[in-house]
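# Give me the fold of what follows.
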Amino acid sequence: MTINVVIAGPRGRMGTEAVKMVTNEPSFNLVACIDRKNDGEKMREYPNLSQQNIPVFESPEECFHTKKADVFIDLTVPEACFDHATLAIQNNIRTVIGTSGLTASQIEELTILSNNNQTGCIIAPNFAIGAVLMMQFSKMAAKYFPDVEIIEKHHDQKLDAPSGTAVKTVELIKETRTAKSQGRPDEEETMPGARGAEEEGIHVHSVRLPGHVAHQEVIFGSSGQTLTIKHDSIDRQSFMSGVKFAVEKVMDMNKLVYGLENILDI
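A predicted model of the protein is given here:
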């Protein structure tokens, strides 16, 4: 069976790789792209993306009403992603979201819409299988090592901080860890923000520098020992196997799933 795909954000770093993956996958058919400023162009006019005669729409409404799509992939920015995903699900187009930065209320709205429409949707804070395992191992470790901090590092063009992966990691850790204060109760930040963001005592530190792609380490401390669980994506190709898997898996879903770990056999 051929799966017809629409991609939003084809010029971005993730979008570029997704276009390559979809056009090179025999069971996928890229029928259109959504781009906020290149309406009416063809994918063959995009440098280094595709030589195929694939239409580009500025309006997601026009795209979804014009092209028959099975799956919509969003790799844009949070403010656009929510509207795109809402329209796709309303049009009964299964949706795969790799955009991070959606709020809890937006995820809840999409969950209700997806479940009511019985139209599958996958929101993945990270598509790298290794990163998913890193998050699951952190959840396991937090049961025995409740003192934990997270350092996540990304390229300097990333819009949100902390990353969706860090936020998801905190959520998973909270499932097995009781909230607690960490460090000295009378500690003082002599430079505001030095201890990073805090959620139930878990400190999260975001680094944004050129040269990085996506990296995270979860550091646990206990008496006489430390445990570090670390994952590095050194190339955006690391995410494409997860995107491919999500596209295939969402075809058999009729509700929203948040987190790739929920569709993996782990």
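# In PDB, could you pull the C-alpha coordinates for the strand or helix carrying N116?
For N116, the host element (DSSP states H and E) is helix 104-117. Output of helix 104-117 as PDB, limited to C-alpha atoms (Å, rounded to 0.1, in the frame of the first residue of the first chain):
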ATOM      1  CA  ALA A 104      -0.100  21.200  27.400                       C
ATOM      2  CA  SER A 105      -3.400  22.700  26.600                       C
ATOM      3  CA  GLN A 106      -2.700  22.500  22.900                       C
ATOM      4  CA  ILE A 107      -1.800  18.800  23.200                       C
ATOM      5  CA  GLU A 108      -5.000  18.300  25.200                       C
ATOM      6  CA  GLU A 109      -7.100  20.000  22.500                       C
ATOM      7  CA  LEU A 110      -5.500  17.900  19.800                       C
ATOM      8  CA  THR A 111      -6.000  14.800  21.900                       C
ATOM      9  CA  ILE A 112      -9.700  15.500  22.200                       C
ATOM     10  CA  LEU A 113     -10.100  16.300  18.500                       C
ATOM     11  CA  SER A 114      -8.100  13.200  17.400                       C
ATOM     12  CA  ASN A 115     -10.000  10.900  19.600                       C
ATOM     13  CA  ASN A 116     -13.400  12.300  18.700                       C
ATOM     14  CA  ASN A 117     -12.600  12.200  15.000                       C
END
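# Please parse this structure into its domains.
Structurally, the chain divides into domains by automatic domain parsing as follows: 3-123+237-262, 129-234.
# Please identify the most buried of these.
Here the criterion is mean neighbour count by mean count of other C-beta atoms under 10 Å, and of the domains of the chain the winner is domain 3-123+237-262, at a mean of 19. Where C-beta positions appear, they are placed from N, C-alpha and C, glycine not excepted.
# quick one: terminal-to-terminal distance for it?
Using C-alpha to C-alpha, to the nearest Å, one end of domain 3-123+237-262 lies 22 Å from the other.
# Now the domains of the chain in a markdown table, please, with extra columns for mean pLDDT.
Below are the domains of the chain laid out as a markdown table (pLDDT from 0 to 100):
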| stretch | mean pLDDT |
| --- | --- |
| domain 3-123+237-262 | 93 |
| domain 129-234 | 95 |
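# mind listing the helices for the stretch 151-266 of the chain?
Per DSSP state H, counting those that start in this stretch, the stretch 151-266 of the chain carries helices over the ranges 164-176, 240-250.
# Output the contacting helices and strands for the last one.
Same thing as helix 240-250. For helix 240-250, the elements it packs on are strand 3-8, helix 13-24, strand 71-74, strand 94-97, strand 121-123, helix 129-142, judged by 3 or more C-beta pairs under 8 Å, 6 or more residues apart in numbering; DSSP states H and E.
# Only C-alpha atoms, please: export it in CSV.
Extracted as CSV, the C-alpha positions of helix 240-250 are listed here (Å, rounded to 0.1, in the frame of the first residue of the first chain):
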residue,chain,number,x,y,z
MET,A,240,14.3,9.7,9.9
SER,A,241,13.9,6.1,10.9
GLY,A,242,11.5,7.3,13.7
VAL,A,243,9.6,9.5,11.3
LYS,A,244,9.2,6.6,8.8
PHE,A,245,8.0,4.3,11.6
ALA,A,246,5.5,6.9,12.9
VAL,A,247,4.0,7.4,9.4
GLU,A,248,3.5,3.7,9.0
LYS,A,249,2.2,3.2,12.5
VAL,A,250,-0.3,6.1,12.5
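# if we can go back for a sec, any chance of the helices and strands packed on helix 240-250 in CSV, plus distance to D235?
Formatted as CSV, those follow (distance: least, C-beta to C-beta, whole Å):
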stretch, distance to D235
strand 3-8, 19
helix 13-24, 9
strand 71-74, 19
strand 94-97, 20
strand 121-123, 22
helix 129-142, 12
